[in-house]
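A.B. asks: model the structure of this input:
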Amino acid sequence: MITTSSRREFLVRTAAAGVYMTSSRLLMGQETPAGRVAIGLCPEYNRQVVEVLAKLFDQLGGLERLVRGKTVAIKINMTGPATARLRYIPQEMSFWSSPQVIAATVYLLGRAGARRIRILESAWATTAPLDQFMIEAGWDPRVMQNAAPQVEFENTNFLGSYKTYATFMVPHGGLLFTGYDMNCSYRDCDVFVSLAKLKVHSVAGITLSMKNCFGNIPCTIYSEDAPGDEPALAPVSGRQLMHVGNRQPPKSAPPAVNLNAPRQAGYRIPRAVADIVAARPVDLALIDGIYTMNGAEIPDPRHVHNWLHPRLLIAGTNCVSTDAVALALMGFDPMADRGAAPFETADSMLRLAEDLGVGTRDMSRIEVAGPPLQKVRFDIRHPAASVVAPENGPSPA
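C.D. replies: Here you go, the predicted structure:
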């Protein structure tokens with residue numbers, strides 16, 4: 001076993017080699033994977049969610065071959081405090097993964113033969129169990145727990161039920177850090193699912209199945225309040241360290257690739273996201289876009305928010321390709337990069353992950369199942385001009 005000090009020396013020595021390997025792969029023109037993506041229309045959070053998701057999974061080749069007899073971990077999106085709201089609107093109707101979509105996914109995973117299903121999220125600034133955090137937010141976790149046998153919850157914002165963290169090294173040396181320490185739940189699973197919300201992000205442009213995995217990393221390590229040598233015992237704040245880079249994580253964590261990297265969120269967040277999905281690959285990407293909001297990732301008085309009703313569910317076997325399709329559905333060009341919408345102030349996390357070999361954002365290489373994109377596209381910045389309009393439900397405010 002490598003000790004902490006010798007491991008860090010090894011990582012520093014190999015970081016430069018990783019940069020060379022990444023450049024070499026690109027120069028050789030190796031094609032990145034292209035996963036199939038399925039799109040479905042679902043008007044409301046009701047029993048139709050199961051039917052639409054089941055069809056999407058069938059269009060991807062079926063769940064059974066992926067999950068039968070296996071432990072499946074689902075990273076959901078419950079970013080921010082339990083009390084956060086977009087006005088009076090429930091969180092799942094605006095900026096969180098819906099419990100109905102989570103429960104439907106759990107049910108279908110159980111029906112496909114998953115042996116054990118674990119619902120994961122880094123609950124905001126607390127060591128409370130994840131199901132307790134859900135109750136504080138007004139959710140009933142029994143809806144998810146009773147959807148299949150052997151369903152568990154884990155707050156991954158600290159050690160949780162484990163005694164150590166798991167280290168995930170980034171292939172080719174990484175873009176921001178050489179590796180990331182995470183709760184062992186992300187290691188102790190056979191299949192990893194990212195169940196995200198279809199949203200924009202005030203800094204990184206968008207937050208979909210890839211950006212959802214930014215929440216994998218615990219604030220006991222990746223916050224400005226973390227100690228200098230070892231992780232904190234409990235999270236007390238967010239991941240501002242990752243945004244601005246005013247300091248390094250504790251010495252127990254893998255080091256930065258470049259100590260002089262820009263201290264700008266639009267540079268750092270996309271690279272961290274690309275690193276994380278390269279180090280902890282996503283086996284199944286799901287995006288809940290039945291209801292959402294625009295303006296930012298969480299309700300924020302600095303941004304104008306609109307409540308939106310795209311009526312979309314998206315699933316794919318490659319997180320980069322899935323997010324590329326979602327970008328196109330939101331009215332953006334998946335090939336866009338810094339300076340072009342939605343990446344006006346940030347580098348494209350899709351391009352960076354593509355550079356790491358995670359997947360392709362080239363729509364000409366992505367097989368899309370379901371209705372034609374042009375018929376279900378929802379321009380998230382100009383919703384009044386969108387093809388898909390709300391029906392059989394409340395109108396966006």
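
A.B. asks: use CA for all of it now, contacts and neighbours both
C.D. replies: Noted.

A.B. asks: quick one, strands of the protein?
C.D. replies: 37-41, 71-75, 116-121, 151-155, 166-169, 179-182, 191-197, 199-201, 205-207, 284-289, 292-293, 307-308, 312-316, 368-369 (DSSP state E).

A.B. asks: dump those strands to TSV, plus mean pLDDT, distance to Gln91 and mean neighbour count.
C.D. replies: Below are the strands of the chain laid out as TSV (pLDDT from 0 to 100; distance: least, CA to CA, whole Å; neighbours: other CA atoms under 10 Å):
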stretch	mean pLDDT	distance to Gln91	mean neighbour count
strand 37-41	98	21	24
strand 71-75	98	17	25
strand 116-121	98	15	24
strand 151-155	98	18	20
strand 166-169	98	31	19
strand 179-182	98	26	24
strand 191-197	98	11	26
strand 199-201	95	13	23
strand 205-207	96	16	25
strand 284-289	98	13	28
strand 292-293	94	9	27
strand 307-308	92	11	22
strand 312-316	98	17	28
strand 368-369	98	29	20
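
A.B. asks: Val236 is nearest to which of these?
C.D. replies: Closest approach to Val236 among the strands of the chain (CA to CA): strand 151-155, 13.9 Å.

A.B. asks: can you give the contact residues for the closest one?
C.D. replies: 116-123, 127-131, 144-145, 160-161, 185 (CA atoms under 8 Å, 6 or more residues apart in numbering).

A.B. asks: can you do 7 Å?
C.D. replies: For strand 151-155, the external contacting residues (CA atoms under 7 Å, 6 or more residues apart in numbering) are 116-123, 129-131, 145, 160.

A.B. asks: next, format the strands of the chain as CSV and append distance to Pro249.
C.D. replies: Shown next, in CSV, are these (distance: least, CA to CA, whole Å):
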stretch, distance to Pro249
strand 37-41, 36
strand 71-75, 23
strand 116-121, 20
strand 151-155, 20
strand 166-169, 13
strand 179-182, 10
strand 191-197, 25
strand 199-201, 24
strand 205-207, 24
strand 284-289, 28
strand 292-293, 32
strand 307-308, 37
strand 312-316, 33
strand 368-369, 40
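
A.B. asks: wait, which of these is closest to Pro218?
C.D. replies: Nearest of the strands of the chain (CA to CA): strand 179-182, 6.2 Å.

A.B. asks: check which helices and strands the closest one sits against.
C.D. replies: When contacts are defined as 3 or more CA pairs under 7 Å, 6 or more residues apart in numbering; DSSP states H and E, strand 179-182 packs onto strand 166-169.

A.B. asks: how many residues are close by the nearest residue to Ser122 once chain neighbours are set aside?
C.D. replies: Leaving aside its sequence neighbours, Ser122 sits nearest to Asn157 (CA to CA, 6 or more residues apart in numbering; 4.1 Å). Asn157 has 30 neighbouring residues, counting by other CA atoms under 10 Å.

A.B. asks: so which of the strands of the chain is nearest Arg338?
C.D. replies: Nearest of the strands of the chain (CA to CA): strand 205-207, 9.5 Å.

A.B. asks: against Pro334, how distant is Asp190?
C.D. replies: According to CA to CA, to the nearest Å, Asp190 and Pro334 sit 30 Å apart.

A.B. asks: then Ala82?
C.D. replies: From Ala82 to Pro334 the distance is 32 Å (CA to CA).

A.B. asks: now Pro43
C.D. replies: Distance, Pro43 to Pro334, by CA to CA: 25 Å.

A.B. asks: for Ile380, same thing?
C.D. replies: 14 Å.

A.B. asks: which pair of the contacts of strand 151-155 spans the longest distance?
C.D. replies: So, the contacts of strand 151-155 by CA to CA: farthest apart are Arg116 and Ala123, at 21.2 Å.

A.B. asks: of the strands of the chain, which is nearest Ala346?
C.D. replies: strand 205-207 (6.9 Å).

A.B. asks: run through who's touching that closest one.
C.D. replies: Leu198, Lys199, Val200, His201, Pro342, Phe343, Ala346.

A.B. asks: number of residues surrounding the first one?
C.D. replies: What that stands for is Leu198. Leu198 has 33 nearby residues by other CA under 10 Å.

A.B. asks: the fifth one too?
C.D. replies: Residues contacting Pro342 under the criterion other CA under 10 Å number 26.
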